[in-house]
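1. This is a predicted model, with the sequence first.
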Amino acid sequence: MTTPSSSSPKPPPYRTVHVNLGPRSYDVLIGRGILETLGDELQKRQLIGRAVVVTDHTVGDFALAKAFWKTNAPSKILFPRLHGGIANDRIVPPGEESKNVVQVHELLKTWAKQKIPRTGTVFALGGGVIGDLAGFAAAIYLRGISLVQIPTTLLAMVDSSVGGKTGVNLPEGKNLVGAFHQPRLVIADLDTLKTLPPHEFAAGMAEVVKYGAIADRALFDRVAKGVKPDDDDLDEIIEKCVAIKARVVEQDEFEGKGLRAILNFGHTIGHALEKVTGYKKYSHGEAISLGMRAAAWLSHWESTLSLADVHDLEKALLANGLPVHLDEPDDSNAIILVDSILKALGHDKKVADDGKNRWVLLKSLGEAVTDIQIDPRDVEAALNKLLVPVR
């Protein structure tokens, strides 16, 4: 065994996943303490125009976030070469309720008043809501300006910041207004996760479990043991999730081939659950966790997923602090909720032309199958599984 000399090149301070989309290609940088590299990374990509920052009150309370828009020393460190510096910031209320056309309108008006040019860059600093909202506004302002995603939640790091999907909700459903707008850069600094409350980190783990379940059995087996924010291999786990999504997006950027549907495992029921509870009772990750449990049972009945794999998925969700049954005060309320979910499924944006839902199921843990037709009675039976705690 040889000992590296002191002159050996140092490994990069972060992991890189390249999303290869031709002229819309970009890198996802993953590591701890890497925000200090932001200035250099912007320079490499010629993102040196005027900057606007969109964040929410939760992120905005931290000194780290304030450095992004204050014209002081920290700002000059992060944005050392921006011509004109930080033009303005927009702080929106936290939560899913901010994903609406009113907030988009306010962003667009602000940028127009500030005369942000086409060479400007929007920095989405926050979780999935901020990324979706700021990304959509960037997609339609001046027919599209540059976007840099700086996710500060686990869910946004592994899912919503990558792939170019942006959008807002309507009263009729989630993400019904949107556009594909790929970022120019994604920086996932794991140190930002230190500020997350446990339930927010757990919400992100729902998507991590999903990636293992649909595409990587070894990843699933690792995360099934439970993952914590300070785990030494968290950067590797996030890298694997992002790489899975990147490869899918590269094959089906605009969802025209149906391949990208594989990423929606658990989301059909999850989105319906979010809608019928007003986006308040369950976070996105919690709703997806419940949706995956129901989809696992459908996979057992309608596909080839073994009963042992169903139970392993349930245990993996529990090990990561995620819900697996509906938390209702009494059985009657839960039954009413199940009925409401069944009705809401017809309004999912991924409903096919024939009015039927596009289901993603598992053949086994690590292998998914899409576009399965399911008897509505089986869907109801799967939802009824959510009334029963895992023992």
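-> Good, I have the coordinates.

2. So for stretch 35-42, what gets flagged as buried?
-> Judged by neighbour count (16 or more other Cβ atoms under 10 Å), stretch 35-42 contains these buried residues: 35, 37, 38, 39, 41, 42. Just so you know, the C-beta spots here come from the backbone N, C-alpha and C atoms, and that holds for glycine as well.

3. What is the burial count for residue 178?
-> 18 (other Cβ atoms under 10 Å).

4. what's the helix or strand for the spatially closest residue to it that is not a sequence neighbour?
-> Excluding the flanking residues, the one nearest residue 178 by Cβ to Cβ, 6 or more residues apart in numbering is residue 167, at 2.3 Å. Assigned by DSSP states H and E, residue 167 belongs to strand 165-170.

5. now that strand: mean pLDDT?
-> Averaging pLDDT along strand 165-170 gives 94.

6. Mind listing residues that contact the following helix or strand past it?
-> Under the assignment DSSP H and E, the closest C-terminal helix or strand after strand 165-170 is strand 173-180. With Cβ atoms under 8 Å, 6 or more residues apart in numbering as the test, strand 173-180 has contacts from 99, 101, 132, 136, 139-140, 164-170, 253-254, 271, 274-275, 279, 347-349.

7. low-confidence ranges in the stretch 201-350 of the chain?
-> 328-332, 347-350 (pLDDT under 70).

8. residues contacting residue 270?
-> 284, 287, 288, 289, 290, 291, 292.

9. Swap in 10 Å and give it another go.
-> 174, 206, 210, 264, 282, 284-292, 294-295, 341, 348 (Cβ atoms under 10 Å, 6 or more residues apart in numbering).

10. Would you show me how to pick out the buried ones of these in PyMOL?
-> Entered in PyMOL, the line below selects the buried ones among the contacts of residue 270, by 16+ other Cβ under 10 Å:
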select buried, resi 174+206+210+264+282+284+285+286+287+288+289+290+291+292+294+295+341+348
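
11. Narrow the contacts of residue 270 to those in helices?
-> In helices, defined here by DSSP state H, the members of the contacts of residue 270 are 206, 210, 284-292, 294-295, 341.

12. what about residue 342, neighbour count?
-> If you count neighbours by other Cβ under 10 Å, residue 342 ends up with 16.

13. Tell me if I'm right that it and residue 378 touch.
-> No: between residue 342 and residue 378 no contact is recorded; they are 11.7 Å apart, counting by Cβ atoms under 10 Å.

14. show me where the protein has strands.
-> Counting by DSSP state E, the chain has strands at residues 15-19, 26-31, 51-56, 86-92, 121-126, 146-151, 165-170, 173-180, 185-189, 359-364, 367-372.

15. Which of these sits closest to residue 107?
-> strand 86-92 (5.7 Å; Cβ to Cβ).

16. okay, now the nearest residue to residue 194 once chain neighbours are set aside: neighbour count?
-> Sequence neighbours aside, residue 229 is the residue nearest to residue 194 in space, at 6.4 Å (criterion: Cβ to Cβ, 6+ apart). Other residues near residue 229 come to 15 when the count uses other Cβ under 10 Å.
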